[in-house]
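**Q** Fold the following and give me the result.
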Amino acid sequence: MNHATPPQVTSPTSTFTQLLSSTRRGARLARLLAVTELRSWGTSQDLTERAELVVAELATNAVLHGRVPGRCFRLTLAYDPAAGRLRVEVSDALGDLGPRSLPAGTEPDPLSTTGRGLTLVTALADHWDCVPHPPSGKTVRALLTTPSEA
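**A** Numbers count the residues shown, from 1 in each chain. The predicted structure follows:
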């Protein structure tokens, strides 16, 4: 006997996507747009603040390390309120998938003002990774969740 399968109930996911110029101004705008969008979705202050820093770092990396002249970068946010989960994606035009790092055995200069972006993303996000973005770029994805109520 065949039984009808009940339709899957999915929570509505809010999404936002914007192409931005690969300039410092574009990186600042990405951060401001992300905060504005997250506030309009009613995300918690903690999630919004963490996402603001993650977007700022990923957008800055896209501008400084993933820039191809004449090409934009893309910011995408996807928020699932039922799961308390936010996915941040920043896609740039340069296909170099590996993060830039210091040679093995070297420590970062403690007085340097650069080189800590992905360390910050690691501390703020539950998970992040980097995947190819056809035809020649990459997407850095970060997943942030709200703490579960105990």
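**Q** which one is the residue nearest the centre of the chain nearest to, not counting chain neighbours?
**A** In the chain, the centroid-proximal residue (Cα atoms, centre = their mean) is residue 88; its distance is 3.1 Å. Computed as Cβ to Cβ, 6 or more residues apart in numbering, the closest residue to residue 88 that is not its neighbour in sequence is residue 142, at 4.6 Å. C-beta here means a position set from N, CA and C on the backbone, and glycine is covered the same way.
**Q** doesn't the one you found fall inside a strand?
**A** Yes: residue state for residue 142 (DSSP: H, G, I helix; E, B strand; the rest coil) corresponds to a strand.
**Q** burial of residue 72, as a residue count?
**A** Around residue 72 sit 18 other residues, with neighbours defined as other Cβ atoms under 10 Å.
**Q** got a list of what the closest residue to it other than its chain neighbours touches?
**A** Leaving out its chain neighbours, the residue that sits closest to residue 72 by Cβ to Cβ, 6+ apart is residue 19, at 4.5 Å. For residue 19, the contact set (Cβ atoms under 8 Å, 6 or more residues apart in numbering) comprises 72, 73, 74.
**Q** do that again at 10 Å, thanks
**A** 26, 71, 72, 73, 74, 75, 91 (Cβ atoms under 10 Å, 6 or more residues apart in numbering).
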